[in-house]
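J.: Predicted model and sequence below, questions to follow.
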Amino acid sequence: MHGAVNGFSYGWITPVVAYVMACLGGALALRCVARSLLVEGSFKAGWLVLGAAALGCGIWSMHFIGMVGFRIVDVPLNYDVPLTVLSLVVAVVVVSLGVFLVGYRGAGRATLGLAGLRQDSAWRPCTTSAWQA
């Protein structure tokens, strides 16, 4: 490969926008999960689904914005749309594992630690599918 790597082809706006999207997704998810701890029944599951979607989309969009801003001179980069959408779905499903664990078991230290470990171990499929896109 003879191309020069340019990780900031759009300037500093790319990492700033990616960071803001991750923060917004995380803040919205935290708010939804906190709300789910106050309700019971079907509303609890609804808040957890919203929280998982917000967190998964926030994390996915941060990575995708970073990938879009990455360029290699003289090497075309294209994205496979179905595989890109699949990586978003995988991100939301993977995040939902930890979100539902905390939502139904509470926010104790052991639960948060277990949810964090599950998130970490389950994140590889999302990252791998995004790279392949």
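T.: Now that the structure is in, tell me what you want to look at.

J.: Tell me where the chain has strands.
T.: Ranges of strands within the chain are 5-6, 71-72, based on DSSP state E.

J.: Out of those strands, which gets the lowest mean score?
T.: Lowest mean pLDDT within the strands of the chain: strand 5-6, a mean of 60.

J.: For Arg71, see how far away the residue nearest to Val95 when sequence neighbours are not counted is.
T.: In space, and not counting its chain neighbours, Val95 is closest to Gly56: 4.1 Å by Cβ to Cβ, 6 or more residues apart in numbering. The way it works is simple: take the backbone N, C-alpha and C, and place the C-beta from them, glycine included. Distance from Gly56 to Arg71, counting by Cβ to Cβ, to the nearest Å: 26 Å.

J.: neighbour count winner among those two?
T.: Ranked by neighbour count (other Cβ atoms under 10 Å), Gly56 and Arg71 place Gly56 first, with 23 against 17.

J.: surely that one meets Gly98?
T.: No: checked against Cβ atoms under 8 Å, the pair Gly56 and Gly98 is beyond contact range at 10.4 Å.

J.: Contacts only, for the residue nearest the centre of the chain.
T.: Nearest to the geometric centre of the chain sits Ile59, at 2.4 Å (Cα atoms, centre = their mean). Applying Cβ atoms under 8 Å, 6 or more residues apart in numbering to Ile59 gives the contacts 22, 25, 91, 95.

J.: Would you write out the ChimeraX command that picks the buried residues out of the residues you listed?
T.: The command below creates a ChimeraX selection of those among the contacts of Ile59 that count as buried (16 or more other Cβ atoms under 10 Å):
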select :22,25,91,95
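
J.: Save the contacts of Ile59 as JSON lines, and put in distance to Gly41 and pLDDT too.
T.: Output for the contacts of Ile59, formatted as JSON lines (distance: Cβ to Cβ, whole Å; pLDDT from 0 to 100):
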{"residue": "Ala22", "distance to Gly41": "31", "pLDDT": "92"}
{"residue": "Gly25", "distance to Gly41": "26", "pLDDT": "94"}
{"residue": "Ala91", "distance to Gly41": "27", "pLDDT": "85"}
{"residue": "Val95", "distance to Gly41": "22", "pLDDT": "88"}
